[in-house]
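Trainee: Fold the stuff below for me.
(chains A, B, C and D)
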Number of protein chains: 2
Amino acid sequence: MSFNEAFKAIADPNRRKILSLLKKGDLTAGEIADHFDMQKPSVSHHLKILKQADLVEDRRVGQHIYYSLNTTVFQDLMSWFYDILQKEGEKS
Amino acid sequence: MSFNEAFKAIADPNRRKILSLLKKGDLTAGEIADHFDMQKPSVSHHLKILKQADLVEDRRVGQHIYYSLNTTVFQDLMSWFYDILQKEGEKS
DNA sequence: TAGATATTTAGACAAATTTCTAAATATCGC
DNA sequence: GCGATATTTAGAAATTTGTCTAAATATCTA
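Mentor: Numbering: from 1, shown residues only, chains lettered A, B, ... in the order given. Presented below is the predicted three-dimensional model:
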């Protein structure tokens, strides 16, 4: 269900930037927003799309909401690339 | 220049299907269109986007235009995934 | 050159996307 | 509970995207 959603999610450069930021460690929504020129509601919107695509997870800690990478779906996306690059006739 | 274009190009399921079809071998625009319910101009539009993203190449053979995969950009996209999945602190 | 086939280009239109501002919700510290 | 901080939700506006039909271009065959 989230395979196509994930491809759409990573199509946006701002969202890819968010994912790259999270690679280095978990961040709150506000910390993420600090890296962008957009307003916070816009960043929140992008985070929602990443969350719906299962590319990130969130957890509340007091006033803050921490976002973190969920790498499991990345594996699926990678598989699609592998499949395209694998020549016809080659065996897995 | 085509890194972001490529990510956008593969965000569409019809275009991913075209790429999957081409994996098995080169096809003409018409042969590709036969696999879809869309009208031919729509398929042509998708092919144009894939071409602009350097994901496919085309060559005319008489009346026909053959499309084929160009795998070089796929490598770049894959690299982005690798980079995300690689844990901080791990050495290449 | 004329008609047939293959494909793209042009232009229109609806749907989806991205961003904004304003308001709502949740939590903290006093 | 109140004010401050963090974040999301709601709704609007502008842009982009995906699709269609009609027309244009390119090539083949006779």
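Trainee: Next up, phi/psi of the residue nearest the centre of chain A, please.
Mentor: Centre of chain A computed as the mean C-alpha position; nearest residue by CA atoms, centre = their mean is residue A:55, 3.9 Å away. Backbone dihedrals for residue A:55, given as degrees, to the nearest 10, come out at phi -90, psi -20.
Trainee: Check it and give its pLDDT.
Mentor: Residue-level confidence at residue A:55 comes out at 98, pLDDT.
Trainee: The one 3 residues further on too?
Mentor: We note a pLDDT of 98 for residue A:58 in this prediction.
Trainee: again, but for the one 10 residues further on
Mentor: Here the pLDDT value assigned to residue A:68 is 98.
Trainee: so how far is residue A:3 from it?
Mentor: Remark: distance between residue A:68 and residue A:3 (CB to CB, to the nearest Å) = 21 Å. In this view, the C-beta of every residue, glycine as well, is placed from N, C-alpha and C.
Trainee: For residue A:20, list the residues it contacts.
Mentor: Applying CB atoms under 8 Å, 6 or more residues apart in numbering or on different chains, one finds that residue A:20 lies in contact with B:83, B:84.
Trainee: now residue A:66
Mentor: When the contact criterion is CB under 8 Å, 6+ apart, the partners of residue A:66 are A:26, A:27, A:28, A:58, A:59, A:60.
Trainee: Excluding chain neighbours, what is closest to the third one?
Mentor: In space, not counting the residues next to it along the chain, residue A:28 is nearest to residue A:64; the distance is 4.3 Å by CB to CB, 6 or more residues apart in numbering or on different chains.
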